[in-house]
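Participant: What shape does this take:
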Amino acid sequence: MKKSYIRVSTEKQNEIRQLKKALVDIGVESKNIYIEKVSGKSKKNREQLQLMLENIKPGDEIYIHEISRLARSIIDLKTIVDEIVQKGATIHFIKEQISFSATIENDPIKDLMFNMLAVFSEFERAILMARIKEGIAIAKEQNKYKGRKTELCIGGKDEVRYKAIVKSIKEGMAIQEIRQTYKVGMGQIYRIKSELKAESNC
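Facilitator: Residues are numbered from 1 along each chain as shown. Model (predicted):
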């Protein structure tokens, strides 16, 4: 049976539709597509991923759009792939055109390519987090990082932090992670998300 796991941010509804269409074209039924709208930082707290892993049967084919959608951590990525293969299923990474299963003969070149792509994915996230921290440091130096009672908007005294939060939302960072990183209230985050959604519908 063909199954798939999709992980995107809440704001990327159009991407969800596109990915689902691509998977349906491959032959994955909508009922077997598991959609998650959370950060890929950790395997933990991803209910749909856990559900898909629990439902895997020998002979299943698992389709993932790209490596970074399955996991950001190299350790998590290899753990998940190994679990799928050990259950007798095959996993296909569509963008990278790489497949793994117990029946596919080991290919050192393919394994090397997979590991390199995983490293680049984790490195990309590390760079993103470093930029976020740098943005916060700059905001603090400019006295634009005051805590929860701020003017998080364009032209507000905390415009730098507002832009960093907008960037994080668009790139799929989890709400809880945004709250902890920028020390901002949930109400502010949902307000910004609503504003972004309204802009995208214009």
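Participant: roughly how far apart are residue 47 and residue 37?
Facilitator: For residue 47, the distance to residue 37 equals 11 Å [C-beta to C-beta, to the nearest Å]. For every residue, glycine as well, the C-beta is placed using N, CA and C.
Participant: So these two - more neighbours on which side?
Facilitator: Neighbour comparison, residue 47 and residue 37: the larger count goes to residue 37, with 17 against 10 (by other C-beta atoms under 10 Å).
Participant: Look up phi and psi at that one.
Facilitator: For residue 37, the backbone dihedrals are phi -120, psi 60 (criterion: degrees, to the nearest 10).
Participant: Return the list of helices and strands in contact with the helix or strand containing residue 167.
Facilitator: Assigned by DSSP states H and E, residue 167 belongs to helix 159-170. Helices and strands touching helix 159-170, by 3 or more C-beta pairs under 8 Å, 6 or more residues apart in numbering; DSSP states H and E, are helix 108-141, helix 175-182, helix 186-200.
Participant: Give me the domain ranges for the chain.
Facilitator: 2-104, 124-200 (automatic domain parsing).
Participant: would you list the ones you listed in a markdown table and tack on mean pLDDT?
Facilitator: Output for the domains of the chain, formatted as a markdown table (pLDDT from 0 to 100):
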| stretch | mean pLDDT |
| --- | --- |
| domain 2-104 | 84 |
| domain 124-200 | 72 |
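Participant: immediately after the biggest strand by length in the chain, which helix or strand?
Facilitator: Ranked by residue count and defined by DSSP state E, the top strand of the chain is strand 2-7. Per DSSP H and E, the first helix or strand lying C-terminal to strand 2-7 is helix 13-26.
Participant: contact partners of that next one?
Facilitator: Helix 13-26 is contacted by residues 2, 4, 6, 8, 30, 33, 35, 63, 65, 94 when judged by C-beta atoms under 8 Å, 6 or more residues apart in numbering.
Participant: Could you give the number of residues near the second one?
Facilitator: The one in question is residue 4. For residue 4, using other C-beta under 10 Å, the count is 26.
Participant: What is the neighbour count of the nearest residue to it once chain neighbours are set aside?
Facilitator: In space, and not counting its chain neighbours, residue 4 is closest to residue 63: 4.3 Å by C-beta to C-beta, 6 or more residues apart in numbering. Residues within reach of residue 63, counting by other C-beta under 10 Å, total 23.
Participant: Give me the contact list for the host helix or strand of residue 63.
Facilitator: In this structure, residue 63 sits in strand 61-64 according to DSSP H and E. The contact list for strand 61-64 (C-beta under 8 Å, 6+ apart) reads 1-5, 23, 26, 28, 52, 56, 70, 84, 89-94.
Participant: Over to residue 172. Which of the three states is it?
Facilitator: coil (DSSP: H, G, I helix; E, B strand; the rest coil).
Participant: so what's the backbone phi/psi at it?
Facilitator: Per degrees, to the nearest 10, the backbone of residue 172 is at phi 90, psi 10.
Participant: still on that earlier bit, give me the buried positions along the helix holding residue 167.
Facilitator: Neighbour counts over helix 159-170 (16 or more other C-beta atoms under 10 Å) mark 159, 160, 161, 162, 164, 165, 166, 168, 169 as buried.
Participant: Perfect, that will be all.
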